[in-house]
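K.L.:
prediction below, plus the sequence it came from.
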Amino acid sequence: MKKIYTSPERLIIFHFKNVLASYHIDCVVKNEYLAGAAGEIPPNECWPELWVKNDDKYDKALKILDKNRFSTPSTAPDWTCTRCGEKLEGQFTACWQCGET
């Protein structure tokens, strides 16, 4: 078993655990409830850790996490409203000026 990721954010740890599970890579989360010990031991040692159970799948898991950590979300291109001519960013699906969709 090898540690693959650690973070103070439990949400990220469990998101990555679910991502790896979708590739049939079994993982375990350690230190999930250790946050209460922060102060008695260094805070970064209390962070949840994601561990890959099968060492043979570690390299594949690392590539998957790297792809998921550094990917940028796709964005729609900016557009101009056909009714009023307002320029809008791609994430907007309706014109704020006139309501055209």
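P.N.:
Looks like it came in fine.
K.L.:
let me see the contact set for His24.
P.N.:
Counting by C-beta atoms under 8 Å, 6 or more residues apart in numbering, His24 touches no other residue. The C-beta positions use only the backbone N, C-alpha and C, and glycine is treated the same way.
K.L.:
looking at Ser74 now. What's its pLDDT?
P.N.:
Ser74 carries a pLDDT value of 62.
K.L.:
any idea how far the nearest residue to Pro48 once chain neighbours are set aside is from Glu32?
P.N.:
Distances taken as C-beta to C-beta, 6 or more residues apart in numbering place Ile13 nearest to Pro48, at 4.5 Å, with adjacent residues excluded. Distance, Ile13 to Glu32, using C-beta to C-beta, to the nearest Å: 8 Å.
K.L.:
now do the shared contacts for these two.
P.N.:
Common neighbours of Ile13 and Glu32 (C-beta under 8 Å, 6+ apart) are Pro48.
K.L.:
ok, these two, which is more surrounded?
P.N.:
Ile13 (22 against 12; other C-beta atoms under 10 Å).
K.L.:
return the helix or strand in the chain with minimum mean pLDDT.
P.N.:
helix 58-70 (a mean of 90; mean pLDDT, DSSP states H and E).
K.L.:
buried residues, that helix. List them.
P.N.:
Buried residues in helix 58-70, counted by 16 or more other C-beta atoms under 10 Å: Tyr58, Ala61, Ile64, Leu65.
K.L.:
so what touches it?
P.N.:
Outside helix 58-70, the residues that reach it (C-beta under 8 Å, 6+ apart) are Lys2, Ile4, Tyr5, Phe16, Val19, Leu20, Tyr23, Ile25, Cys27, Val52.
K.L.:
who wins on neighbours among those?
P.N.:
Going by other C-beta under 10 Å, Val52 tops the contacts of helix 58-70 with 24 neighbours.
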